[in-house]
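1. just the structure for this:
(2 chains)
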There are 2 protein chains.
Amino acid sequence: MPSIGYVSPQTMHFPQPLALQSGATLQDYTLMYETYGTLNDDKSNAVLVCHALNASHHVAGEYEGKPKSTGWWDNMVGPGKPLDTDKFFVIGVNNLGSCFGSTGPMHTNPATGKPYGAAFPVVTVEDWVASQALLADRLGIQQFAAVMGGSLGGMQALAWSIMYPDRLRNCVVIASTPKLSAQNIAFNDVARQAILSDPDYHGGDFYEHGVVPRNGLRVARMVGHITYLSDDDMAEKFGRKLRDVSKNGDGNYKFGFGVDFEIESYLRYQGDKFSEYFDANTYLLITKALDYFDPARAHGGDLAKTLAGTKAKFLLASFTTDWRFSPARSQEIVQALVRNRRPVTYAEIDAPHGHDAFLLEDPRYMNLVRAYYEQVWKELGAPAQAAPASSNKEYA
Amino acid sequence: MPSIGYVSPQTMHFPQPLALQSGATLQDYTLMYETYGTLNDDKSNAVLVCHALNASHHVAGEYEGKPKSTGWWDNMVGPGKPLDTDKFFVIGVNNLGSCFGSTGPMHTNPATGKPYGAAFPVVTVEDWVASQALLADRLGIQQFAAVMGGSLGGMQALAWSIMYPDRLRNCVVIASTPKLSAQNIAFNDVARQAILSDPDYHGGDFYEHGVVPRNGLRVARMVGHITYLSDDDMAEKFGRKLRDVSKNGDGNYKFGFGVDFEIESYLRYQGDKFSEYFDANTYLLITKALDYFDPARAHGGDLAKTLAGTKAKFLLASFTTDWRFSPARSQEIVQALVRNRRPVTYAEIDAPHGHDAFLLEDPRYMNLVRAYYEQVWKELGAPAQAAPASSNKEYA
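-> This next block holds a predicted model:
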């Protein structure tokens, strides 16, 4: 069991309409979230963790009775972990449009009484951040000690620093980018086309047809997954290893269109698994949120100008073999911050695992984040250590 | 009109069975090919040009009455071009399994009287080379002045040097690799899965259903196309440019799943176009031929040992921004040749266009190939320049 023990998700309903960047409005909505650790009396020790493409509010811990339900960043968040829940009150929130609990395409559209489907409004990183700020309001948190995320989660953290400069003391942006490149968008569009052209997609209304565009989702995930891994790491893990080999390690090509190589088997397995739990409309929504993120767009493309009003301290980290959001993309943010004389710590971590490295255990990476949060803790005025009997511990 | 003028394809029927690497046999088959220039009396000036994924025997020139039918390497092959058809007799041959004239999946399977479909046997680079050698026999060409190709075509040239060391004086391998990496295979498998899971594929027998797995082919081509272009080139050409902009150059996001960015429009257009002319079974066959190519496999993975018996001189070229088959992959071949003390010329060309660079006009690249062929010509014993009135010129 993860050291944080059993956790439970919570929901918060928002009855007021949310105006979205697209011009559309969500009449009402629910956010699903989890918290770990204890909010201190002056509510200064809260850290918001934003999730990336296929993750959720379930950042750390495990659900009782579900042994394989460990949170997606459990190596990062927990008692004694780099983001230490004995000190910080950590919040994970599921984004609007997701398929893991917050209001999304599979929920009932109040206007029609049927699932939203493709009619669910396109949501942006900024929309997510606005809804997260409303959740913070309801939880009485005026200022986060930090907002943190990797990849698409890092974009949310960055957007927080721009949209609500007074509401976060620190901004932690891992393996992210100020905007997608043409190649990034191209891969996203391949994924979207695979889903949209699957006859089982039914224009987004597949729920009422009792089917799922599984083939499209599968291909979408396969192509996405390739971009998360480094070429080197794939070579190391799979190389040209054949799937079926005889006892002496030899194998023959099958001379058909089935699986010959381990890498094919692995990718197809990842695709199959993904297509069983992920929602196709959510996938489309999230890839569009990625594509649209470009905060400098409102400032003529000038990222320094865009970040001029930020007040947070920044930690940025990138990974050498990440070719999805390469170190150069993080450096763009660092340079724009430096031009504004903002305090920024940046580390480029020599890790073999590509973009996925941000989710993996790497001592240099973990120590970097740990040291940063120790500093954050000190700068909070070194409050007395929160009582070890946190609310989550009760479940343990 | 291209300087070589009008050209015409020819066919050669082979009534004898061809035993394939898979163990299967093609009972009989036809190869479609084109020739440019004039074969000299001692038949020493022939150059075989091997094609890559979506190309054909139609290397240079134009078909009469079809103004946009210029051959795929017309900038390379022709009178006065780097591979000069005033000197050399150049042969382009369409590979078995293709959809451009040589026997392939859409042709009648003599065993069933119906189109082969997915029953067309899987063919390998070595099978193609064996069939090309039989064509050379029939044309009376015992030894090529050179065998040349880019990408998958380069693999064929390399296989020629291994399989028929006495039958080529020079081997020209552009933007190629001694074997695909796990990442290369992964992208190919995404493409295959897109096709195989398209309901219109019908297990490969879509011909008799009167449909084409267009959506699958489209996605396959989109993902392939991304790997042909460099990240930089995409950034330069498309960046984050929006498709529909107002007169003053501004544009707005559409907040839907349609086209927002130029890169999406471009890729979808490429996918659409491809799906209109390319055969799905051919695509599957060719990606498998790519995946399977690994001549060192029969030598315990030792490429130097694999190339020990070659007798050709080699020219290899790679392009700095090619991330599909990066310069490092060409260097593996170069190093294995050097270890065998084979004469090899290698150039790494600083070109922005990624893998596609091998098809494009680049002065350094063109001059490199030109200089190499001038040397080849000299070493042929500087025969009297072939008469300028080549057979192709008659059509001009």
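
2. who touches the helix or strand of chain A with the lowest mean pLDDT?
-> Ranked by mean pLDDT, DSSP states H and E, the weakest helix or strand in chain A is helix A:231-237, scoring a mean of 93. Residues outside helix A:231-237 that contact it (CB atoms under 8 Å, 6 or more residues apart in numbering or on different chains) are A:226, A:263, A:321, A:323, A:352, A:353, A:354, B:181, B:182, B:183, B:186. For glycine as for every other residue, the C-beta is placed from the backbone atoms N, C-alpha and C.

3. just the buried ones from the residues you listed?
-> Buried by 16 or more other CB atoms under 10 Å in any protein chain shown: A:226, A:263, A:321, A:323, A:352, A:353, A:354, B:181, B:182, B:183, B:186, out of the contacts of helix A:231-237.

4. put together a markdown table for the residues you listed, with distance to residue B:84 and secondary structure on each row.
-> What follows is those, written out as a markdown table (distance: CB to CB, whole Å; DSSP: H, G, I helix; E, B strand; the rest coil):
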| residue | distance to residue B:84 | secondary structure |
| --- | --- | --- |
| A:226 | 41 | helix |
| A:263 | 43 | helix |
| A:321 | 44 | coil |
| A:323 | 40 | coil |
| A:352 | 47 | coil |
| A:353 | 49 | coil |
| A:354 | 45 | helix |
| B:181 | 35 | coil |
| B:182 | 40 | helix |
| B:183 | 37 | helix |
| B:186 | 40 | helix |
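
5. go through those residues and name the one nearest residue B:144.
-> residue B:181 (29.5 Å; CB to CB).

6. contacting residues for the closest one?
-> Residues in contact with residue B:181 (CB under 8 Å, 6+ apart) are A:231, A:234, A:235, A:239, A:240, B:329.

7. if we use 7 Å, what do you get?
-> A:231, A:235 (CB atoms under 7 Å, 6 or more residues apart in numbering or on different chains).

8. separation between it and residue A:370?
-> According to CB to CB, to the nearest Å, residue B:181 stands 35 Å off from residue A:370.

9. right, and residue A:182 touches residue B:239 too?
-> Yes: counting by CB atoms under 7 Å, residue A:182 does reach residue B:239; the two are 5.7 Å apart.

10. so residue A:255 versus chain B, what's the distance?
-> As judged by CB to the nearest CB, to the nearest Å, residue A:255 and chain B stand 4 Å apart.

11. quick check: nearest residue in space to that residue, chain neighbours excluded?
-> residue B:22 (3.6 Å; CB to CB, 6 or more residues apart in numbering or on different chains).

12. same thing with residue A:33?
-> For residue A:33, the closest residue by CB to CB, 6+ apart turns out to be residue A:93, at 4.2 Å.

13. list phi and psi for the one you found.
-> Note on residue A:93: its backbone torsions stand at phi -130, psi 140 [degrees, to the nearest 10].

14. next, the contact list for it, please.
-> By CB under 7 Å, 6+ apart, residue A:93 lies in contact with A:31, A:33, A:57, A:132, A:135.

15. how close does the third one sit to residue A:360?
-> Looking back up the chat, that one is residue A:57. Residue A:57 is 21 Å from residue A:360, by CB to CB.

16. same thing with residue A:140?
-> Residue A:140 is 34 Å from residue A:360, where distance means CB to CB.

17. cool, residue A:111 as well?
-> Residue A:111 is 43 Å from residue A:360, by CB to CB.

18. and for residue A:103?
-> Taking CB to CB, one finds residue A:103 at 31 Å from residue A:360.

19. which element is residue A:148 on?
-> Assigned by DSSP states H and E, residue A:148 falls within strand A:146-150.

20. quick one, strands of the stretch 151-300 of chain A?
-> A:170-174 (DSSP state E, counting those that start in this stretch).

21. tell me where the model's unsure across it.
-> Within the stretch 151-300 of chain A, the stretches with pLDDT under 70 are A:246-250.

22. which residues in it form helices?
-> Using DSSP state H, counting those that start in this stretch, the helices assigned to the stretch 151-300 of chain A run over residues A:152-163, A:182-196, A:214-228, A:231-237, A:262-277, A:280-292.

23. could I get these as CSV with distance to residue B:375?
-> Formatted as CSV, the helices of the stretch 151-300 of chain A follow (distance: least, CB to CB, whole Å):
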stretch, distance to residue B:375
helix A:152-163, 54
helix A:182-196, 38
helix A:214-228, 41
helix A:231-237, 35
helix A:262-277, 41
helix A:280-292, 50
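
24. what's the closest of those to residue B:42?
-> helix A:231-237 (46.5 Å).

25. got the CA positions of the closest one in CSV?
-> Provided in CSV are the C-alpha atoms of helix A:231-237 (Å, rounded to 0.1, in the frame of the first residue of the first chain):
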residue,chain,number,x,y,z
ASP,A,231,14.0,6.7,-29.1
ASP,A,232,16.9,5.5,-26.9
ASP,A,233,14.6,4.2,-24.3
MET,A,234,12.6,2.3,-26.9
ALA,A,235,15.8,0.9,-28.3
GLU,A,236,17.0,-0.2,-24.9
LYS,A,237,13.7,-1.7,-23.8
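
26. buried ones in it, by neighbour count?
-> With burial defined by 16+ other CB under 10 Å, the residues of helix A:231-237 counted as buried are A:231, A:232, A:233, A:234, A:235, A:237.

27. before we move on, what about stretch A:90-108?
-> Residues of stretch A:90-108 classed as buried: A:90-106 (neighbour count, 16+ other CB under 10 Å).

28. among those residues, which lie within strands?
-> A:90, A:91, A:92, A:93 (DSSP state E).

29. sorry, back to before: tell me which of residue A:57 and residue A:360 has more neighbours.
-> The neighbour comparison of residue A:57 against residue A:360 (other CB atoms under 10 Å in any protein chain shown) goes to residue A:57, with 26 against 14.

30. name the residues of the stretch 251-396 of chain A found near chain B, please.
-> A:253, A:255-257, A:260-261, A:263-264, A:267-268, A:284, A:288, A:291-292, A:294 (CB under 7 Å from any CB of the partner chain).

31. need the max-distance pair from these.
-> Taking CB to CB, the two most distant members of those are A:255 and A:294; they sit 46.9 Å apart.
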